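**Q** Generate coordinates for the sequence data below:
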Amino acid sequence: MSLDAAALTEPLLALTRRAGTEILKIYQSDFEVDLKADDSPLTAADRASHEVLVAGLSSLAPGVPIWSEESKTLPFAERRHWERFWLLDPLDGTREFIKRNGEFTVNVALVEGGVPVLGIVHVPVTGIDYLGLQGRGAERLDPGGSRMPIRVQVPSAQPVRVVGSRSHRGSSLDAFLARLGPHEMVPMGSSLKLCLVAEGAADLYPRLGPTSEWDTAAAQAVVVAAGGQVLGLDGEPLRYNQRDTALNPSFIVFGDGSRDWAALARETTTG
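**A** All right, here's what the predicted structure looks like:
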């Protein structure tokens, strides 16, 4: 079936905001925290957002498969035949949600041929949306209706502004920063790290630890539409639904391509 991604952006924005509203209802309550099989946290907000998104996407684009973090396990033997599908993280940054620091998002991506061609990252606490559409550029939408085109920062600021995880910092990042030289750290949770690079508020996001495909797809669409890159340490763009795992390889996000950031990260991991 044909699908007009541009025509879907406004209903998708409305849908992610509805999911955000459901998340906020629980955020403002005395919610409980469960653990998944891998010991990662799960709340009623994750489930409520998932249900809103799946129902809405099934109505907007009937027949297009949906892969969500909160879906039942989908074997690669089934997924590998998908040329086009929705990739969702109904609540990215559950740990930030539990800490009540506001740094969590709703991530919705349309993936075609392994490439995220449309991405929306909604921030429930602030009401901000980041939108990226292949060939159409990227925007930041603020509450009240203002829309602003966003671009990555080129050249990078000096010292380089490095955004890093608030909940997952490790020794690999410390080793990378030692090689990088002068820099400023910008701590942030969830897919907001990629969005900061997309809007030029940060220059570099090295991720040298585990993430899943639903963590990055929507924000990658925003970064690329804003003129940036999301590369594995082999120098190739992250692709989706290509392997029998939901895990991403290590990667690096940047706007200024005048320096080989991927090689620097690769040197860090290989010693």
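**Q** ranges for the helices of this protein?
**A** Remark: helices assigned in the chain by DSSP state H are 5-27, 44-60, 76-79, 94-99, 171-180, 192-198, 213-225, 261-270.
**Q** Relative to residue 135, which of the ones you listed is closest?
**A** helix 213-225 (8.1 Å; CB to CB). Where you see a C-beta, it was placed from the backbone N, CA and C, and this is true even at glycine.
**Q** The closest one - contacts with which helices or strands?
**A** strand 84-92, strand 105-112, strand 115-123, strand 128-133, strand 137-141, helix 192-198, strand 229-232 (3 or more CB pairs under 8 Å, 6 or more residues apart in numbering; DSSP states H and E).
**Q** could these go into JSON lines alongside mean neighbour count and mean pLDDT?
**A** Conversion of these to JSON lines gives the following (neighbours: other CB atoms under 10 Å; pLDDT from 0 to 100):
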{"stretch": "strand 84-92", "mean neighbour count": "26", "mean pLDDT": "96"}
{"stretch": "strand 105-112", "mean neighbour count": "28", "mean pLDDT": "98"}
{"stretch": "strand 115-123", "mean neighbour count": "25", "mean pLDDT": "98"}
{"stretch": "strand 128-133", "mean neighbour count": "25", "mean pLDDT": "98"}
{"stretch": "strand 137-141", "mean neighbour count": "19", "mean pLDDT": "98"}
{"stretch": "helix 192-198", "mean neighbour count": "28", "mean pLDDT": "97"}
{"stretch": "strand 229-232", "mean neighbour count": "21", "mean pLDDT": "97"}
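**Q** closest one to residue 50 among those?
**A** So among these, strand 84-92 is nearest, using CB to CB, at 4.1 Å.
**Q** That closest one pairs with which strands?
**A** strand 66-68 (parallel), strand 105-112 (antiparallel) (DSSP bridges).
**Q** Would you reformat those as CSV and include distance to residue 146?
**A** Output for those, formatted as CSV (distance: least, CB to CB, whole Å):
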stretch, distance to residue 146
strand 66-68, 30
strand 105-112, 19
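**Q** now for those, which one comes closest to residue 202?
**A** strand 105-112 (15.7 Å).
**Q** got the contact list for residue 41?
**A** 33, 34, 35, 94, 95, 98 (CB atoms under 8 Å, 6 or more residues apart in numbering).
**Q** Dig out what the first one forms beta bridges with.
**A** Spelled out, that is residue 33. As assigned using DSSP bridges, the partners bridged with residue 33 are residue 43.
**Q** Tell me who's in contact with it.
**A** Residue 33 touches 41, 42, 43, 98, counting by CB under 8 Å, 6+ apart.
**Q** before we move on, the earlier item: could you say which one of the helices and strands packed on helix 213-225 comes nearest to residue 257?
**A** Short answer: strand 229-232, nearest of those by CB to CB, at 6.6 Å.
**Q** Looking at the contacts of residue 41, which two lie furthest apart in space?
**A** 34 and 95 (13.5 Å).
**Q** Comparing the two, which residue is more hemmed in?
**A** residue 95 (18 against 10; other CB atoms under 10 Å).
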